[in-house]
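Novice: kindly generate the corresponding structure for this input.
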Amino acid sequence: MKLWLHVFLVLLGLTWGTASAQDARSVVQAAATAMGATNLKTIQISGVGSTSAIGQSYAVTGEFPRFEVPTYTKVIDYDAGTSREEYTRRQGNYPPQGGGFTPLQGEPRTLALLSGTYAWNMDGTTVVPQPGKFLAGMPVSELRQLEIALTPHGFLKAALASNDLKGITQSYNGSVTDGTTGDGRKATVVSITVLGKYRVVGTINDRHEVELVTTWIPTPFYGDTIYDLRYVEYKDFGGIRFPGLVHVHVGDPIFNQAHNYLDLHVTDVRANVAVPPMTVPDAVRAATVPPVRVATRKLAEGVWLLGGGSHNSVAVEFKNFVTVIEAPLDEERSLAVIDTVQTLAPNKEIRYVVNTHHHFDHSGGLRTYVSQGTIVVGTPANLELYRTVMFYPMPRTLQPDRMATFSPMNTHNRSPFLMEPVNQQYVISDGVRTLELHPVARNSHAVGMLMAYLPTEKILVNADLYSPPAPNAPAGPPSPTMTNLLENIRRLKLDVVEHVPIHGEPGTHEDFLKRMVGGTQ
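Specialist: The predicted model follows:
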């Protein structure tokens with residue numbers, strides 16, 4: 001999407017009123033008639049394309065890792081409020097760099113379902129409830145409900161049913177190369193509120209087509225995060241007008257406009273297909289999000305693993321302060337970790353928080369530390385990303401956090417965003433204990449990856465490179481990231497006894513070597 005259009009949409013709230021609600025409603029009604037939405041009850045959309053792992057880019061300014069989508073089908077029952085999305089993915093010809101299970105093994109199938117306010121997936125015949133949050137922000141069930149209103153016909157239906165419909169007619173000048181309105185043509189931009197909290201803005205062009213639908217969703221990384229769907233190359237599918245190309249963008253256009261999430265080339269659309277009633281499994285109805293729990297494990301004197309969830313942190317106590325390695329997920333997790341650290345090391349400030357890499361799940365809790373004056377330690381490119389995007393004062397109306405509420409300038413008399421760049425080896429020490437931070441050379445997971453090493457304790461902390469298998473679990477062959485980790489251990493001549501991962505439980509270096517070919521690499 002063009003940056004000027006994003007800016008226009010952000011500023012749009014200042015210019016409502018140039019067209020009456022009745023005028024906007026007539027435009028929506030005309031589009032509903034032209035596109036076949038008026039009598040549309042259900043729809044089935046099929047296609048092929050590509051998708052990506054949001055927030056898992058190899059480089060901070062690069063694309064999210066992409067995967068081919070050889071099969072895709074989505075069925076929506078607008079009246080019942082149900083959806084069934086099924087697709088397969090494969091690595092295909094896309095570079096195997098970045099996170100999100102890159103490189104992808106085989107062709108995993110995703111089956112995502114929604115019925116009313118309940119969301120779940122199916123893994124074969126196993127029901128997998130989805131009571132959690134998308135990108136540690138909004139509930140998965142809310143996202144799936146919102147996505148129904150983000151489809152072209154779903155938006156028109158939601159707009160016609162809305163009590164807060166607003167609109168503005170605008171001329172779009174200049175050359176536009178993405179197929180959307182340009183060259184002085186007119187379009188009407190319509191705003192509604194969905195689920196009582198999400199502002200959804202749709203652009204209806206002078207061909208009575210919904211060509212763009214934009215909303216904002218909460219994520220710890222971006223704050224109010226742009227989520228827009230571009231609809232171009234409209235075709236007639238048995239009396240239903242539907243785009244031949246659907247492009248979905250998630251991200252921050254100020255720093256990087258290339259964060260594409262889905263490209264779907266639509267091959268077939270069927271209207272008013274028979275949709276069997278969807279029964280919500282008992283396990284889904286009963287599913288809840290467990291409270292955040294921090295399980296503490298002492299690794300050495302003054303060194304603790306802070307686990308209890310999908311991601312770990314590590315606390316290292318020094319004479320007058322504490323360093324925390326990794327601030328994953330979101331503020332809720334960070335607050336729980338901070339409370340635990342204050343119990344383990346009373347009356348000592350958390351002076352440093354070490355960030356291993358920029359992936360959203362490993363950096364989403366950094367703002368909480370910054371709000372209390374903690375210094376963020378990371379590689380220069382990652383720190384610049386945080387300074388310009390994550391710590392930038394963009395709106396956080398959907399999910400306010402401490403940093404949006406309390407200025408870090410008033411904490412410990414420090415200026416905001418204190419950061420320490422790591423270019424080569426970086427040492428944190430009090431004269432007795434030493435913590436070394438080392439960039440991981442030539443890894444395929446993320447540019448600017450750090451690992452942490454305690455030379456006295458001979459403990460190595462890594463993220464996403466190696467997680468020891470659970471007891472009695474099959475180990476499997478060594479991964480490319482494991483090979484890369486071993487190369488870096490030998491390059492730096494580190495004497496490692498214990499591996500502490502950000503995912504999973506610690507393990508010995510001896511077991512790590514056994515995982516490698518012959519245990520002698």
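
Novice: so how far is stretch 30-38 from its chain's centroid?
Specialist: 34 Å (Cα atoms, centre = their mean, to the nearest Å).

Novice: and the strand with the most length in the chain, what does it pack against?
Specialist: When the chain is scanned for its longest strand (criterion: DSSP state E), the result is strand 223-237. When contacts are defined as 3 or more Cβ pairs under 8 Å, 6 or more residues apart in numbering; DSSP states H and E, strand 223-237 packs onto strand 210-219, strand 240-251, strand 260-271. For every residue, glycine as well, the C-beta is placed using N, CA and C.

Novice: what's the most buried one of those strands?
Specialist: strand 210-219 (a mean of 24; mean count of other Cβ atoms under 10 Å).

Novice: low-scoring pLDDT stretches of the stretch 1-150 of the chain, where are they?
Specialist: 1-20 (pLDDT under 70).

Novice: and for Asp236, the neighbour number?
Specialist: Residues near Asp236, counting by other Cβ atoms under 10 Å, number 11.

Novice: so who does the closest residue to Ala475 other than its chain neighbours touch?
Specialist: For Ala475, ignoring the flanking residues on the chain, the nearest one in space by Cβ to Cβ, 6 or more residues apart in numbering is Pro469 at 4.9 Å. Residues counted as contacts of Pro469 (Cβ atoms under 8 Å, 6 or more residues apart in numbering) are 475-476, 507.

Novice: on that earlier part again, buried residues in the longest strand of the chain?
Specialist: 223-231, 234, 237 (16 or more other Cβ atoms under 10 Å).

Novice: quick one: the one residue sitting closest to the centre of the chain from Ala59, how far?
Specialist: Centroid-nearest residue in the chain: Leu135, 4.0 Å away (criterion: Cα atoms, centre = their mean). For Leu135, the distance to Ala59 equals 19 Å [Cβ to Cβ, to the nearest Å].

Novice: repeat for Gly365
Specialist: When Gly365 is compared with Ala59 (using Cβ to Cβ), they lie 22 Å apart.

Novice: so for those two, which residue has more residues nearby?
Specialist: Gly365 (29 against 15).

Novice: Pro469: what secondary structure?
Specialist: coil (DSSP: H, G, I helix; E, B strand; the rest coil).

Novice: so Val377 sits in a strand?
Specialist: Yes. Using three-state DSSP, the assignment for Val377 is a strand.

Novice: okay, now it: neighbour count?
Specialist: As a burial measure, Val377 scores 25 neighbours (other Cβ under 10 Å).

Novice: who's in contact with it?
Specialist: 352-355, 419-420, 422, 426, 428, 437.

Novice: and of those residues, the nearest to Arg25?
Specialist: The nearest member of the contacts of Val377 to Arg25, counting by Cβ to Cβ, is Asn355 at 48.7 Å.

Novice: could you report the neighbour count for the closest one?
Specialist: If we define neighbours as other Cβ under 10 Å, then Asn355 has 27 of them.

Novice: surely it and Glu326 touch.
Specialist: Yes. Under the criterion of Cβ atoms under 8 Å, Asn355 makes contact with Glu326 at 7.0 Å.

Novice: okay, and the common contacts of those two?
Specialist: By Cβ under 8 Å, 6+ apart, the residues touching both Asn355 and Glu326 are His362.

Novice: go ahead and confirm Val500 touches Ala463.
Specialist: No. Using Cβ under 8 Å, Val500 makes no contact with Ala463, being 10.2 Å away.

Novice: who has more neighbours, those two?
Specialist: Neighbours around Val500 and Ala463, counted as other Cβ under 10 Å, are more numerous at Ala463. The numbers are 28 against 24.

Novice: Phe406 against Thr368, yeah?
Specialist: No. Using Cβ under 8 Å, Phe406 is not in contact with Thr368, being 10.6 Å away.

Novice: give the helix, strand or coil label for Pro478.
Specialist: coil.

Novice: so how many other residues sit close to it?
Specialist: 18.

Novice: and it, how far is that from Leu485?
Specialist: 10 Å.

Novice: same thing with Gly49?
Specialist: For Gly49, the distance to Leu485 equals 34 Å [Cβ to Cβ].

Novice: more neighbours: these two, which one.
Specialist: Neighbour count, other Cβ under 10 Å: between Gly49 and Leu485, Leu485 has more, with 25 against 19.

Novice: for the residue lying closest to the more buried one once chain neighbours are set aside, phi and psi?
Specialist: Using Cβ to Cβ, 6+ apart and skipping residues adjacent in sequence, the residue nearest Leu485 is Leu465, 4.4 Å away. The phi and psi values for Leu465, taken as degrees, to the nearest 10, are phi -100, psi -40.

Novice: and Leu465, what does it touch?
Specialist: 440, 443, 445, 449, 451, 481-482, 484-485, 501.

Novice: could I get the residues you listed as TSV with pLDDT, secondary structure and distance to Pro139?
Specialist: Formatted as TSV, the contacts of Leu465 follow (pLDDT from 0 to 100; DSSP: H, G, I helix; E, B strand; the rest coil; distance: Cβ to Cβ, whole Å):
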residue	pLDDT	secondary structure	distance to Pro139
Val440	98	coil	35
Asn443	95	coil	34
His445	97	coil	29
Met449	97	coil	31
Met451	98	strand	34
Thr481	96	helix	32
Met482	97	helix	35
Asn484	97	helix	36
Leu485	98	helix	36
Pro501	98	strand	28
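
Novice: of those residues - the most surrounded one?
Specialist: Met449 (29 neighbours).

Novice: reformat the contacts of Leu465 as JSON lines; add distance to Thr180.
Specialist: Below are the contacts of Leu465 laid out as JSON lines (distance: Cβ to Cβ, whole Å):
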{"residue": "Val440", "distance to Thr180": "41"}
{"residue": "Asn443", "distance to Thr180": "39"}
{"residue": "His445", "distance to Thr180": "35"}
{"residue": "Met449", "distance to Thr180": "38"}
{"residue": "Met451", "distance to Thr180": "45"}
{"residue": "Thr481", "distance to Thr180": "40"}
{"residue": "Met482", "distance to Thr180": "45"}
{"residue": "Asn484", "distance to Thr180": "42"}
{"residue": "Leu485", "distance to Thr180": "45"}
{"residue": "Pro501", "distance to Thr180": "45"}
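
Novice: kind regards, and thank you for your time.
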